[in-house]
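1. any chance you could fold what I've pasted below:
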Amino acid sequence: MHKADAANPADELAEVRAAIARLRLREARLCATILAGPDSGLEGRHFRAEVAERRFRLFDAARLPETVLADPRYWSESVTQEVRCLPAAVTAAPSRPRRLWIVH
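-> Residues are numbered from 1 along each chain as shown. The predicted structure follows:
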């Protein structure tokens, strides 16, 4: 489906998300190639890839005592909206009136 073929925003959104998924997969494969052989593929005609290491700390809530995890004072609730793309229900095409041919 091309952008011009998208009948409505729901169809176009599903198409965009599918394209993003394909691009993320391609990105992951390219990164894996660069990481597997960092001496090749780093210099392109227009861009240069750089391998960097980041270090950060993570909070591990699973290591907290059960009494803290079960205490509602330490919890808050957040409500968000999300748009899901689901297959449209398959419906039968509306019936058209038949033409009657009268032969004399």
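2. so after the biggest helix by length in the chain, what's the next helix or strand?
-> As assigned by DSSP state H, the longest helix anywhere in the chain is helix 9-36. Proceeding N to C from helix 9-36, the next assigned helix or strand is helix 66-69, under DSSP states H and E.
3. circling back to that earlier point, may I see the buried residues of the longest helix of the chain?
-> Ala14, Glu15 (16 or more other C-beta atoms under 10 Å). C-beta coordinates here come from the backbone N, C-alpha and C atoms, glycine included.
4. mean confidence for that helix?
-> Averaging pLDDT along helix 9-36 yields 95.
5. so how far is stretch 20-36 off the chain centroid?
-> Centroid separation between stretch 20-36 and its chain, computed with C-alpha atoms, centre = their mean, to the nearest Å, is 15 Å.
6. please renumber the chain so that the first residue is 32 from this point on.
-> Yes, from this point I'll number from 32; that puts the last item at stretch 51-67.
7. which other residues reach it?
-> Applying C-beta atoms under 8 Å, 6 or more residues apart in numbering, the contact partners of stretch 51-67 are Gly72, Leu73, Ala80, Val82.
8. flag the least confident of those residues.
-> Scoring the contacts of stretch 51-67 by pLDDT puts Gly72 last, at 72.
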